[in-house]
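A.B. asks: 3D model of this:
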Amino acid sequence: MTETNSFLKGKHILAVDDELDVIETIEEILEEADVDVAQDYDTASKKIAQTRYDLAILDIMGVNGIQLLEECVKKGIPAIMLTANSMNPESLIESIKKGAISYLSKEHLSVLDSMITELLNAQIQGKATWKLLFDKLGDFFDNRFGNNWKDDDKEFWSKFDKNYYV
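C.D. replies: This next block holds a predicted model:
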């Protein structure tokens with residue numbers, strides 16, 4: 001059993017995505033955890049209201065992920081935003097401002113278990129989860145958005161880059 005799997009064992013995680021294949025992939029990757037799933041906003045919202053989760057993984061498009069993020073934050077549930085179609089600087093900034101602990105492309109699903117372990121460990125230790133993300137995937141964002149992508153909102157990124165908090 002790997003360290004990642006032992007850390008995830010017993011964690012209660014909500015995975016929300018309107019694509020069944022993505023849900024199935026998340027369940028497979030996080031097989032050591034207790035994973036609840038939802039494929040629409042209403043189901044996910046009810047689960048968030050009724051259940052205490054260690055983490056939520058929220059698709060941005062198709063399930064009103066930003067609204068679900070707000071609901072998670074109100075309940076103290078850490079949330080990772082997961083996206084393919086909304087992979088852009090604007091949704092990244094909105095995810096940060098609304099209180100997500102991370103933001104991943106669906107292209108990175110294969111490393112989801114290790115990322116969750118690192119993110120939750122960082123959060124437990126009071127470390128900035130966003131710093132961890134940008135240290136690991138900063139080049140991905142530069143390649144995806146262009147080298148000067150932060151120039152469009154210099155004020156936000158200048159403040160954010162100092163401590164990785166809003």
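A.B. asks: spatially nearest residue to the residue most central in space within the chain, not counting backbone neighbours?
C.D. replies: Using CA atoms, centre = their mean, the residue of the chain that lies closest to the mean C-alpha position is Ile80, 1.3 Å off. Counting by CB to CB, 6 or more residues apart in numbering, the nearest residue to Ile80 once its immediate chain neighbours are dropped is Ser102, at 4.5 Å. Yep, even glycine has a C-beta here, placed from its N, CA and C like the rest.
A.B. asks: pretty sure Val25 sits against Leu109.
C.D. replies: Residue 25: Thr, not Val. Yes - between Thr25 and Leu109 there is a contact under CB atoms under 8 Å: 5.6 Å.
A.B. asks: pairing partners for whichever strand or helix holds the residue nearest to the centre of the chain, with directions?
C.D. replies: Taking DSSP states H and E as the criterion, Ile80 maps to strand 79-83. Pairing partners of strand 79-83, with direction, according to DSSP bridges: strand 55-59 (parallel), strand 102-105 (parallel).
A.B. asks: mind checking what helix or strand follows the shortest one in sequence?
C.D. replies: Just to be clear, that refers to strand 102-105. Sequence-wise, the next helix or strand downstream of strand 102-105 (DSSP H and E) is helix 112-124.
A.B. asks: what angle do that next one and strand 79-83 make?
C.D. replies: Using axes from the mean of the first three to the mean of the last three CA atoms, to 10 degrees, the inter-axis angle of helix 112-124 relative to strand 79-83 is 150 degrees.
A.B. asks: give me the neighbour count for Phe7.
C.D. replies: When neighbours are counted by other CB atoms under 10 Å, Phe7 registers 18.
A.B. asks: from memory it sits against Met115, does it?
C.D. replies: No - with contact defined as CB under 8 Å, Phe7 does not reach Met115; the gap is 11.7 Å.
A.B. asks: you'd agree Ile66 is in a helix?
C.D. replies: Yes - assignment of Ile66 by DSSP: H, G, I helix; E, B strand; the rest coil places it within a helix.
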